[in-house]
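Peer 1: Build me a model from this:
(one chain, ligands or ions: 1)
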Amino acid sequence: MEQQLTAPQPERKKRIFSGIQPTGVMTLGNYLGAVRNWAQLQEDYDCTYCIVNMHAITVRQEPAKLRKNTLDAYALMLACGIDPEKSIAFIQSHVRTHAELAWVLNCYTQFGELSRMTQFKDKSAKHADNINAGLFDYPVLMAADILAYQADLVPVGIDQKQHLELARDIAIRFNNLHGNVFTVPEPYIPKAGAKIMSLQEPTKKMSKSDENVNAFITILDDEDTIIRKFKRAITDSEAEVVYREGKDGINNLMNIYSVITGKSYDDIAKEFEGKGYGDFKLAVGETVADALKPVRERFAALQADKSYLESCYRHGAEQALAISARTLDKVYKKIGFLQ
Ligand code: TRP
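Peer 2: Numbering: from 1, shown residues only. Model prediction:
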């Protein structure tokens with residue numbers, strides 16, 4: 001009998017899904033905490049990255065600005081190293097399955113569950129004049145994003161963990177009723193750099209909505225601006241570069257420096273032993289400026305080539321639709337929608 005030779009099957013890579021809102025330029029915190037890791041994950045996973053403009057309209061947006069911010073966010077994502085040849089990079093509203101699946105999942109999500117979401121509570125306090133149903137439903141659309149791609153892992157910051165937990169609950173509930181339709185996603189928490197703090201109030205998260213522009217670095221700040229902001233960073237009245245409780249400012253700078261250079265806190269402490277905070281701040285500023293330079297340059301090049309960008313997001317949307325439509329078809333069949 002002839003033996004059938006089959007090539008060894010490469011192990012299927014796990015799928016990653018993550019999304020980012022198009023709300024203006026990213027901060028150093030968004031970059032080090034999220035998008036830079038996304039780029040690194042491309043080698044080992046099948047990655048799917050999405051600009052979530054449909055989530056963005058849960059708070060009032062100016063249409064022209066949203067359009068521009070969406071394209072900029074897409075270009076920034078590529079500038080940060082997301083390679084559209086390696087990953088699927090697309091814009092949420094280009095792929096109809098997200099809204100369609102979200103509708104179905106709405107009917108598998110309880111009012112009470114959504115009422116308990118802390119982000120909904122925070123945002124409805126902040127936008128008391130516009131507590132729309134979309135804001136309430138935000139986590140279900142996020143669940144649809146993730147479940148449509150059968151994502152195994154979802155890189156998220158701590159502020160999105162509750163939403164991811166809900167996505168898991170929805171998936172499990174649906175699977176219990178209809179068979180194994182959805183992969184139940186796990187959070188992927190990056191090792192380091194998860195939380196970059198304000199340079200002016202280092203107990204607060206770095207945010208671009210801070211009134212004090214010295215509190216945050218955007219990934220498009222030029223070298224002089226970056227160095228100036230680090231020079232003005234709030235530290236403490238000691239003079240020792242060491243990671244220790246109570247030294248929030250220095251801890252934050254050490255974290256930033258460590259994430260970019262890969263050096264440990266001990267190595268950093270040794271490197272700056274006997275030197276003042278001035279030297280340390282300058283070194284951190286220069287390191288950050290160097291790290292962001294290629295991002296800035298690639299962003300400028302991409303912005304000058306709108307047709308390339310368009311070809312990328314169109315291609316990304318086609319790939320995304322192909323995968324997510326398979327899931328949606330299965331869901332429609334399972335729940336009894338006439339084929
Ligand atoms: N809600 C996320 C945030 O604000 C963005 C997001 C939307 C997302 N859909 C997602 C993140 C799916 C991970 C997976 O950060």
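
Peer 1: Please report phi then psi for the residue in the chain positioned nearest to the ligand.
Peer 2: Proximity of the chain to the ligand (CB to the nearest ligand atom) peaks at Gly19, 3.3 Å away. (Glycine included, C-beta is placed from N, CA and C.) Here is the backbone geometry of Gly19 (degrees, to the nearest 10): phi -140, psi 160.

Peer 1: burial count for it?
Peer 2: Look at Gly19: counted by other CB atoms under 10 Å, it has 21 neighbours.

Peer 1: and it, what does it touch?
Peer 2: When contacts are counted by CB atoms under 8 Å, 6 or more residues apart in numbering, Gly19 touches 49-52, 55, 92, 142, 145.

Peer 1: Closest to Ala64 out of these?
Peer 2: Taking CB to CB as the measure, Ala64 lies nearest Ile51 of the contacts of Gly19, at 16.6 Å.

Peer 1: Cross-check the contact I'm expecting between that closest one and His94.
Peer 2: No. Ile51 is beyond contact range of His94, at 9.4 Å (criterion: CB atoms under 8 Å).

Peer 1: ok, these two, which is more surrounded?
Peer 2: Ile51 (28 against 18).

Peer 1: what residues does the protein put near the ligand?
Peer 2: Those residues of the chain that sit near the ligand, judged by CB under 6 Å from any ligand atom, are 17-19, 21, 52, 55, 142, 145-146, 154, 156, 160.

Peer 1: Looking at those, which are in strands?
Peer 2: Counting by DSSP state E, the part of these found in strands is 17-19, 154.

Peer 1: What is the most widely separated pair among the residues you listed?
Peer 2: Gly19 and Val154 (9.1 Å).

Peer 1: Tell me the confidence at Ser209?
Peer 2: Per-residue pLDDT puts Ser209 at 88.

Peer 1: meant to ask about Arg60
Peer 2: The score at Arg60 is 95. That number is its pLDDT.

Peer 1: Count the residues that sit near it.
Peer 2: Arg60 is flanked by 11 other residues according to other CB under 10 Å.

Peer 1: Can you name the residues that contact it?
Peer 2: Per CB under 8 Å, 6+ apart, neighbours of Arg60: 127, 130.

Peer 1: so which strand or helix has it?
Peer 2: Assigned by DSSP states H and E, Arg60 belongs to no helix or strand.

Peer 1: what's the answer for the one 4 residues further on, then?
Peer 2: Under the criterion of DSSP H and E, Ala64 resides in helix 63-79.

Peer 1: Going by contacts, tell me the helices and strands next to that helix.
Peer 2: strand 46-51, helix 53-56, strand 88-91, helix 277-303, helix 306-335 (3 or more CB pairs under 8 Å, 6 or more residues apart in numbering; DSSP states H and E).

Peer 1: What helices and strands are in contact with the last one?
Peer 2: Contact partners of helix 306-335 among helices and strands, from 3+ CB pairs under 8 Å, 6+ apart: strand 46-51, helix 63-79, strand 88-91, helix 97-106, helix 133-148, helix 161-178.

Peer 1: Need the mean per-residue confidence for the fourth one.
Peer 2: For helix 97-106, mean pLDDT rounds to 98.

Peer 1: which of the residues in it are buried?
Peer 2: 97-98, 100-102, 104-106 (16 or more other CB atoms under 10 Å).
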